[in-house]
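In: 3D, please:
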Amino acid sequence: MASEQSFGNMISKFEEKHDIGEIPESERIRKPSSLFFIWFGSNLTIGDLALGLLAQSYGMPLFWTLLSVTLGTIAGGVLLSIMSVMGPKAGYPQMIIGRQSFGRAGGSIMAALQWINTTGWLVFNTIIAAFALALLTYTTGSINLAGMPVGLYIIPILIVSAFVFLLAFMGHSLVHTFEKIMSVVIGVLFIYISVKSLQNISVISASAPAALSIQDLTFYFAAVFALSFSYIMSWGPYASDYSRYVSPSAKGSRVFWMTFLGSVLSTLWAELAGIAIFIFTSSFDFSNPAPAIQSFLGPLAYIGLITLVLGGLSANALNLYSNSLSFKTIGFRTNRKVLLVFTTIVAVAFSYFGFLSFYPGYESFLFLLDYWITPWLGVMIADFFLVRRGTFSIRQPAFNWRGILSYLIAVLVSIPFINQYYNTVYSYEGPVAYMLGGTYGADISYFISFFLAMILYSMFFRLGTSKSIKTATT
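Out: Below you'll find the predicted structure:
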């Protein structure tokens, strides 16, 4: 009986209590430094390591690959960190805060898009974690899927998904504790990868891809920048889900820098490790990154693969937890835990049927995130910081047409700047992108949509305020 009570107390300690509601100030006791571990542990994973592999596959000279990855990661980290500052000030999850910018109904539409975003990340992280788990548990048979017959591949997917479900089921406290532990555990593996890379620095220095024209180099540089930017920026729509537990008296600069350092340092570290692994690996399978990682790790392959599976759990713990909050924000009154079950089933199904073309899908998914998330962030940043000066009210109209119009106009204006001509999943090249460089015109659409959304929202708000003042005076 005593053991049952102690287990119940442990469950009660970690179990989520506030859902999408406001965190009472008496419980917002975490320090800004806690955000470092949340974002360090969740980004030191196989997902951004796979992104490093993808970045190097573009065939740019190493210097330009490193520069584009670094700049893209820093730019994305800035947006994530700005969004994180909203949490302590508002005390609500990010999608609830978004209702101030778009209205209750408008915010529900954005929450639905965010549910798709987090479900997509669940799928891709599950696939690559399951790849690593498959190598650990099954090494004979068909040459597909690292030696595992297609029919059995559901087993590692279910194992990964079950652990992630348990973490998200318990909620923020357990997720936070798990991320802190993973920061150390996964960090040890990446220290080993870094040391091995430095020991073979001559191999890295000798890597010399074919010379590229300025036009080709610009195109590939912009593409790698966009992918790196997208990876870390896409955390923005759930940044406040975790910073809302930080004291409202905490300095915004501290919240910003702890989020920035935790996310950017870990993401860059993992991406650089992926670049090194690509260079050392003579053959690379674009349907499965796990064998390249196994080959690079050598005698420590099994330990490394276990750690990378843990990294997949680390990232997906945040994805599934925030997914449930987005689901609730849409307007469903269903218990959060029921929604977790539903999303897990959906993610398992897509993971099983989507693993055979991992990299083409992964690359296309990252580009799509740039197109819809950046103008969303632009509207929210303009509303929260430029217009309302860091204040938040839960009482909002059904629609905030300033935010909705700013978002839609920004997206429409950016479409001609998109260049996905060589995308194998969806192919499109906007006329402006073509004018900027022909078939190899750089894709700058998400920059256009981000800044335009900010400008339009600020302009619409001031116009509305001026009309209100004029009416009141009259």
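
In: Can you show me the strands along the stretch 1-150 of the chain?
Out: Shown for the stretch 1-150 of the chain, no strands are assigned by DSSP state E, counting those that start in this stretch.

In: Let me know the distance separating residue 19 from residue 93.
Out: Between residue 19 and residue 93 the computed distance is 9 Å (CB to CB, to the nearest Å). All C-beta spots, glycine's among them, are computed from the backbone N, C-alpha and C.

In: One more: residue 456?
Out: Counting by CB to CB, the gap from residue 456 to residue 93 is 25 Å.

In: Those two: who's more crowded?
Out: Neighbour totals were compared for residue 456 and residue 93, and residue 93 leads with 28 against 23 (other CB atoms under 10 Å).

In: The more buried one reaches residue 238, doesn't it?
Out: Yes: the criterion here is CB atoms under 8 Å, and residue 93 meets it with residue 238 at 7.4 Å.

In: between these two, what contacts are shared?
Out: Listed contacts common to residue 93 and residue 238 are 322, 325; contacts here mean CB atoms under 8 Å, 6 or more residues apart in numbering.

In: isn't residue 131 right up against residue 362?
Out: No: if you go by CB under 8 Å, residue 131 and residue 362 don't touch, sitting 12.0 Å apart.

In: Between the two, tell me which one has more neighbours.
Out: Neighbours around residue 131 and residue 362, counted as other CB under 10 Å, are more numerous at residue 131. The numbers are 31 against 24.

In: Looking at the more buried one now. What's its pLDDT?
Out: pLDDT recorded at residue 131 is 81.

In: roughly how far apart are it and residue 231?
Out: Computed as CB to CB, the residue 131 to residue 231 distance reads 18 Å.

In: and what of residue 448?
Out: Computed as CB to CB, the residue 448 to residue 231 distance reads 20 Å.

In: Could you give the number of residues near the closest residue to residue 415 other than its chain neighbours?
Out: Residue nearest to residue 415 in three dimensions, not counting chain neighbours: residue 430, with 5.9 Å by CB to CB, 6 or more residues apart in numbering. Number of residues near residue 430 (other CB under 10 Å) recorded here: 19.

In: Then the one 10 residues further on?
Out: A count of neighbours around residue 440, defined by other CB under 10 Å, yields 22.

In: More neighbours: which of residue 448 and residue 231?
Out: More crowded of residue 448 and residue 231, by other CB under 10 Å: residue 231, with 26 against 20.

In: what residues are up against the more buried one?
Out: Listed by CB under 8 Å, 6+ apart, the contact partners of residue 231 are 47, 48, 51, 73, 76, 267, 366.

In: Who are the contact partners of the first one?
Out: The reference is to residue 47. Contact analysis of residue 47 by CB under 8 Å, 6+ apart lists 121, 124, 125, 128, 231, 270, 311, 312, 315.

In: if you set the cut-off to 6 Å instead, what comes out?
Out: Shown in contact with residue 47 (CB atoms under 6 Å, 6 or more residues apart in numbering): 125, 315.

In: cool, the second one as well?
Out: Neighbour list for residue 48: 231, 267, 270, 271 [criterion: CB under 6 Å, 6+ apart].

In: tell me the SS of the third one?
Out: This means residue 270. For residue 270, the assignment made with DSSP: H, G, I helix; E, B strand; the rest coil gives helix.

In: That one touches residue 46, doesn't it?
Out: No: Residue 270 is beyond contact range of residue 46, at 7.9 Å (criterion: CB atoms under 6 Å).

In: ranking the contacts of residue 231 by neighbours, who comes first?
Out: Busiest of the contacts of residue 231 [other CB under 10 Å] is residue 267, holding 32 neighbours.

In: Pull up the per-residue confidence for that one.
Out: Confidence at residue 267, expressed as pLDDT, is 94.

In: Name the nearest residue to it, ignoring sequence neighbours.
Out: residue 43 (4.6 Å).

In: who touches the one you found in this structure?
Out: Per CB under 6 Å, 6+ apart, neighbours of residue 43: 263, 266, 267.

In: Nearest to residue 178, out of the residues you listed: which one, please.
Out: Closest approach to residue 178 among these (CB to CB): residue 266, at 14.9 Å.

In: Let me know the next secondary structure element after the helix or strand where the closest one lies.
Out: Assigned by DSSP states H and E, residue 266 belongs to helix 252-280. Per DSSP H and E, the first helix or strand lying C-terminal to helix 252-280 is helix 290-297.

In: what's the angle from that next one to helix 252-280?
Out: In terms of direction (axes from the mean of the first three to the mean of the last three CA atoms, to 10 degrees), helix 290-297 departs from helix 252-280 by 90 degrees.

In: what's the spacing between the very next helix or strand once past helix 290-297 and its chain's center?
Out: Reading on from helix 290-297 to the C-terminus, the next helix or strand found by DSSP H and E is helix 301-330. On the basis of CA atoms, centre = their mean, to the nearest Å, helix 301-330 sits 11 Å off its chain's mean C-alpha point.

In: What is helix 301-330 packed up against?
Out: Secondary-structure packing of helix 301-330 (3 or more CB pairs under 6 Å, 6 or more residues apart in numbering; DSSP states H and E): helix 33-43, helix 46-56, helix 94-97, helix 104-137, helix 154-170, helix 172-199, helix 336-354.

In: so can I have TSV of those showing distance to residue 393?
Out: Conversion of these to TSV gives the following (distance: least, CB to CB, whole Å):
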stretch	distance to residue 393
helix 33-43	24
helix 46-56	36
helix 94-97	10
helix 104-137	12
helix 154-170	29
helix 172-199	24
helix 336-354	24
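
In: Those: which one's closest to residue 444?
Out: Of the helices and strands packed on helix 301-330, nearest to residue 444 by CB to CB is helix 46-56, at 18.3 Å.
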